[in-house]
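**Student:** Structure for the following, please:
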Amino acid sequence: MNFNDFKNKITKLKTSKLGGLNAQFKLAPKMRLKYDADKIIANNPRKAAVLALFYPNIKNETCFLLTLRASYKGTHSAQISFPGGKRDKTDKNLEKTALRETFEEVGVAETSIEIIRELTDVYIPPSNFLATPFLGFVNQRPNFNLNYEVDKTIEVLVSDLLNDTSFTSIKMNTSYMDNIEVPCFKLEDYVVWGATAMMLSEIKELLK
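**Tutor:** Presented below is the predicted three-dimensional model:
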């Protein structure tokens, strides 16, 4: 998708109906389906926010940013995610959280980012976070400056996400489940699953 075409879609993106849980659950692991709204509320999840950041590459093709998390002793070690994290007491809202975390993790200035809209919250059982995704864009490819939480950036073409061949499933072992088949996207030779894939599923439907 040409970046000019993407920008021409922004007005419609702001008002289009979201796919919500129906879109997200196409990429949800089976264990996630066990959590309904009442159970999520009962768990009193921590608030977090992430940013799906769109920008043009050197060919003016529309891309978005994913990150490979650094390895650490924790639930989400070395996983693929959007820039983001938990809400800080100083954040006036979750949009501010997403912008602050994006700057801290990959060095993209808040003032350069235009937020398009908020998407549907995603509950993440292993860490008990309720993450709010935001769509945003910058007008030129950023010069990324990574902090210790990020091992590398992954630049993904929107056209690859929209291509249905990117959808598949694999069997995985994680710190909290063994040999379970999970739906996923394969993007830039990386397997994207879990909460990030659920967010991408809603984004994919919105862009289509």
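**Student:** So which residues of the chain form strands?
**Tutor:** Using DSSP state E, the strands assigned to the chain run over residues 46-56, 62-69, 80-81, 84-86, 114-118, 122-124, 129-137, 150-157, 167-172, 180-187, 190-192.
**Student:** Quick one: closest of the ones you listed to Asp36.
**Tutor:** Counting by Cβ to Cβ, Asp36 lies closest to strand 122-124 out of the strands of the chain; the figure is 9.8 Å. Placement of C-beta: from N, CA and C, glycine included.
**Student:** Pull up the pairing partners for the closest one, direction included.
**Tutor:** If you go by DSSP bridges, strand 122-124 pairs up with strand 129-137 (antiparallel).
**Student:** Can you list the low-confidence ranges for the protein?
**Tutor:** Across the chain, residues meeting the criterion (pLDDT under 70) sit at 72-78, 173-178.
**Student:** hang on, the earlier thing: what's the closest of the strands of the chain to Lys12?
**Tutor:** Of all the strands of the chain, strand 114-118 comes closest under Cβ to Cβ, at 10.4 Å.
**Student:** With only the CA atoms kept, save the closest one in CSV.
**Tutor:** What follows is strand 114-118, C-alpha atoms only, in CSV (Å, rounded to 0.1, in the frame of the first residue of the first chain):
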residue,chain,number,x,y,z
GLU,A,114,-0.5,11.8,15.0
ILE,A,115,-2.9,9.4,16.8
ILE,A,116,-5.7,8.1,14.5
ARG,A,117,-7.8,6.3,17.0
GLU,A,118,-8.1,3.9,19.9
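**Student:** Run me through the strand neighbours of it, direction for each.
**Tutor:** strand 129-137 (antiparallel).
**Student:** Taking strand 46-56 as reference, get the angle to the partner strand.
**Tutor:** 20 degrees (axes from the mean of the first three to the mean of the last three Cα atoms, to 10 degrees).
**Student:** export strand 129-137 as PDB, just CAs?
**Tutor:** Output of strand 129-137 as PDB, limited to C-alpha atoms (Å, rounded to 0.1, in the frame of the first residue of the first chain):
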ATOM      1  CA  PHE A 129      -2.600  -6.700  31.700                       C
ATOM      2  CA  LEU A 130      -5.500  -5.000  29.900                       C
ATOM      3  CA  ALA A 131      -3.800  -3.400  27.000                       C
ATOM      4  CA  THR A 132      -5.300  -0.600  24.900                       C
ATOM      5  CA  PRO A 133      -4.000  -0.300  21.400                       C
ATOM      6  CA  PHE A 134      -3.700   3.000  19.500                       C
ATOM      7  CA  LEU A 135      -3.200   3.600  15.800                       C
ATOM      8  CA  GLY A 136      -0.800   6.400  14.900                       C
ATOM      9  CA  PHE A 137       1.400   7.500  12.100                       C
END
